[in-house]
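>>> Take this sequence and fold it.
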Amino acid sequence: MTKPTIAITIGQAYYPRMFSQAAWDALDTFANVIHHEGPEPTNKDELIALIPEADAIITSWGVAQLDADVMAAAPRLQAMAHMGSSVKRFVSDAFWARGVQLTSAGIALARHVAETTLGLMIVGQKRIWPLGQLMREGGWRDDEKWESRELFRKQVGIIGASNIGRYVIRLLEPFEVTVLLYDPFVSEAQAAELGATKLELDDLLRRADIVSLHAPSNAQTHHMLNAARLKLMKDDALLINTARGTLIEEPALVEELSNGRFFAFLDVTDPEPTAADSPLRSLPNVVVTPHIAGCIENCNRMGELAVEELRRFFAGETAVYQITREMFERIA
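Numbering: from 1, shown residues only. Sure thing, here's the model as predicted:
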């Protein structure tokens, strides 16, 4: 039986980060592999040159979009396995018109982001950042700023039952927290199955000790945490954003943080990077990190899943995580 041909488009400089030896070994068992020879992801011309003989491709950050020109150059293309958090920049109407199967290894990336989020919840409740600063200034735990606490049995608000949001809920189980969930696409019964109580967004913000954002960036979620809603949050709450900066109205957030009402961990901002003179870089009750909640040094989980998705496709098996056009319109 002839093996399918799979094109790797991501650039060879990224191979160690994205593919384990196990992934390469698995590919060899069912496919012939062709490689983009350059160190960086394929631009449009490079992609067109690479894929005329490809039955499937593996893509990731930086690869050119599969637009009408690219699709015209790929008459055999049947499947695309994407490694990254979002597929929306990489596909086109021409892609969907061809009926190519699209899968995403973002569910593997979701585990990394969820683990980071849990870590931020723990150190945020313990007040590791401000208390570390207090120690540098010569203070100790009898200072009036001493306010360390635990995650145990807190009320945690999850905004968005995305793959990441669902992983966070699972990771919270040992802490016996009350999970409050806002997601317009999830019913009360579905929320209960996840171990959460479904609430409207305003109610969640009023009740939660911790608010963690896991919604997609689209027209419906743009500035969903605006000035009015940020004012609903509890004094001394913890806000975590590992999703997208556009979910929060930044000037309103700066105003609330300037008043010292709550603490925020922001792994994403709008714009990215945040402006050099932004108060978010200097306020004592916010920590901004450079979009590193997902995997940075080792993304092998995604490479292994991308390979598994293509193995399943050519074996006629069900995908782990297929993205349909209907889903795409909602999550993009």
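>>> which residues touch the closest residue to E188 other than its chain neighbours?
Closest residue in space to E188, ignoring its immediate chain neighbours: K198 at 4.7 Å, by C-beta to C-beta, 6 or more residues apart in numbering. Placement of C-beta: from N, CA and C, glycine included. Listed by C-beta atoms under 8 Å, 6 or more residues apart in numbering, the contact set of K198 reads 181-183, 186-188, 190-192.
>>> Just these: which are in strands?
Judged by DSSP state E, these include 181-182 as members of strands.
>>> ok so, going back, now the residue nearest to E188, which residues is it bridged with?
Beta bridges link K198 to L181, judged by DSSP bridges.
>>> what about the strands in the protein?
Using DSSP E, strands in the chain cover 5-8, 32-35, 56-60, 79-83, 101-104, 155-159, 178-182, 197-198, 210-213, 238-241, 263-266, 286-288.
>>> Now render these as TSV, adding distance to R311 and mean pLDDT.
Output for those, formatted as TSV (distance: least, C-beta to C-beta, whole Å; pLDDT from 0 to 100):
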stretch	distance to R311	mean pLDDT
strand 5-8	10	98
strand 32-35	13	98
strand 56-60	10	98
strand 79-83	10	98
strand 101-104	11	96
strand 155-159	33	98
strand 178-182	34	98
strand 197-198	37	98
strand 210-213	34	98
strand 238-241	36	98
strand 263-266	38	98
strand 286-288	40	97
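>>> Now render those strands as TSV, adding distance to R127.
Shown next, in TSV, are the strands of the chain (distance: least, C-beta to C-beta, whole Å):
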stretch	distance to R127
strand 5-8	45
strand 32-35	49
strand 56-60	37
strand 79-83	36
strand 101-104	36
strand 155-159	17
strand 178-182	21
strand 197-198	27
strand 210-213	13
strand 238-241	9
strand 263-266	8
strand 286-288	12
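>>> Please identify which of the ones you listed is closest to G139.
Closest of these to G139 is strand 263-266, at 17.3 Å (criterion: C-beta to C-beta).
>>> chain center to the closest one: distance?
Relative to the centre of its chain, strand 263-266 is centred 17 Å away, using C-alpha atoms, centre = their mean, to the nearest Å.
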